[in-house]
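S.K.: What shape does this take:
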Amino acid sequence: MREQILGINNVEICSESFGNPENPPVLLIMGAMASLDWWDDEICQRLADQGKFVIRYDHRDVGRSTVYEPGTSNYTITDLADDAMGVLDAYSIQKAHIVGMSLGGMIGQILALRFPERVLTLTAIASSVFGTEQEKLPPMDQRILDYHTNSASVDWSDRQSVITYLADGWKTLAGIKPFEQKRMNKLAEREVNRAKQLPSRFNHAMLQGGGEYFDRMGEIRVPTVIIHGTEDPALPYEHGLALAKSIPYAELVTLEGAGHEIHSEDWGKIIDSVVKLSSKK
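M.R.: I've put the predicted structure just below:
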């Protein structure tokens, strides 16, 4: 694993890579309010062991990338898509396989529309359609919103309290599989160790833009796999069904019992899907 701080679009983006740079590249894009830490090292290494050059990175306002004052809005979702493409530029990669989780899957859709010549394949995990069609689908579980509303009471100077808050936040996103408390605590601790300014993560809640790409999923022409859990409380399973239906020839991979998460029980299925899809290009 190698970390780099990249100068992209007048900001700093922190990235880490696994494997041989000569191998086919896979860019992992995490969801809102989540740093690269939530792509487990083992997932990245297993993809690398399957002959991929794997890159994960921190969005703006999380991890070691550029952060802004909490409560401010300084960029759009299109800017985040341009950041993703900037990461590829920084690694001198012309074309890549894109794997996005949640918001990352929507950024992947923008990339496939904005830079079709540079996207080899698209994998969207626990994501949704990008645009007005999303309003017709089941809403997020209120318990998730309530949990993050209570973030105002978190003492961000208390390291252990923050680790507990971050780890238990994933409990609100879990499906019916056993919650992996030990693993979540470990990942939360790593995020706390790396983050410049943790409260800035909530700036993602104000993310807007990308209207020129709304409801254009039917124009995506790259091979696509949609991976979605049947018990997702943030973007219910219907979101995955709608996305798979909206992108021509997209394949749907269902994770029985999974929530809005990348549960270790599903790593094999997810990795196999990414590797299988990438073999088509």
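
S.K.: use CA for all of it now, contacts and neighbours both
M.R.: Will do.

S.K.: any chance you could map the strands in the stretch 101-250 of the chain?
M.R.: 119-125, 224-229 (DSSP state E, counting those that start in this stretch).

S.K.: in the stretch 51-200 of the chain, which spans are helices?
M.R.: With DSSP state H, counting those that start in this stretch, the ranges of helices along the stretch 51-200 of the chain come out as 77-90, 103-114, 142-149, 159-169, 181-194.

S.K.: Need the strands of the stretch 101-250 of the chain in CSV (columns: mean neighbour count and distance to residue 273).
M.R.: Formatted as CSV, these follow (neighbours: other CA atoms under 10 Å; distance: least, CA to CA, whole Å):
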stretch, mean neighbour count, distance to residue 273
strand 119-125, 26, 8
strand 224-229, 27, 8
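
S.K.: mind exporting the helix or strand bottoming out on mean pLDDT in the chain as CSV, just the C-alpha atoms?
M.R.: The weakest-scoring helix or strand in the chain, judged by mean pLDDT, DSSP states H and E, is helix 142-149 (a mean of 92). Provided in CSV are the C-alpha atoms of helix 142-149 (Å, rounded to 0.1, in the frame of the first residue of the first chain):
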residue,chain,number,x,y,z
GLN,A,142,-35.6,8.0,9.7
ARG,A,143,-33.4,6.3,12.3
ILE,A,144,-30.4,7.1,10.1
LEU,A,145,-31.3,10.8,9.9
ASP,A,146,-32.0,10.9,13.7
TYR,A,147,-28.6,9.4,14.5
HIS,A,148,-26.7,12.0,12.6
THR,A,149,-28.9,14.8,13.9
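
S.K.: How about that helix, which residues are buried there?
M.R.: By neighbour count on 16 or more other CA atoms under 10 Å, the buried set for helix 142-149 is 144, 148.

S.K.: Check stretch 72-88 too.
M.R.: 77, 78, 79, 80, 81, 82, 83, 84, 85, 86, 87, 88.

S.K.: and it, what's its mean pLDDT?
M.R.: Average pLDDT, stretch 72-88: 98.

S.K.: Show me the shaky parts of the stretch 101-250 of the chain.
M.R.: Of all residues in the stretch 101-250 of the chain, none has pLDDT under 70.

S.K.: one step back: which helices and strands does the least confident helix or strand of the chain pack with?
M.R.: With contacts taken as 3 or more CA pairs under 8 Å, 6 or more residues apart in numbering; DSSP states H and E, helix 142-149 sits against helix 159-169.

S.K.: at 7 Å what do you get?
M.R.: Of the remaining helices and strands, none touches helix 142-149 by 3 or more CA pairs under 7 Å, 6 or more residues apart in numbering; DSSP states H and E.

S.K.: In contact with residue 174, which residues?
M.R.: By CA atoms under 7 Å, 6 or more residues apart in numbering, residue 174 lies in contact with 258, 259, 260, 261.

S.K.: Go ahead and measure how far stretch 194-201 is from the middle of the chain.
M.R.: Offset of stretch 194-201 from its chain centre (CA atoms, centre = their mean, to the nearest Å): 17 Å.

S.K.: Fine, thanks again, bye for now.
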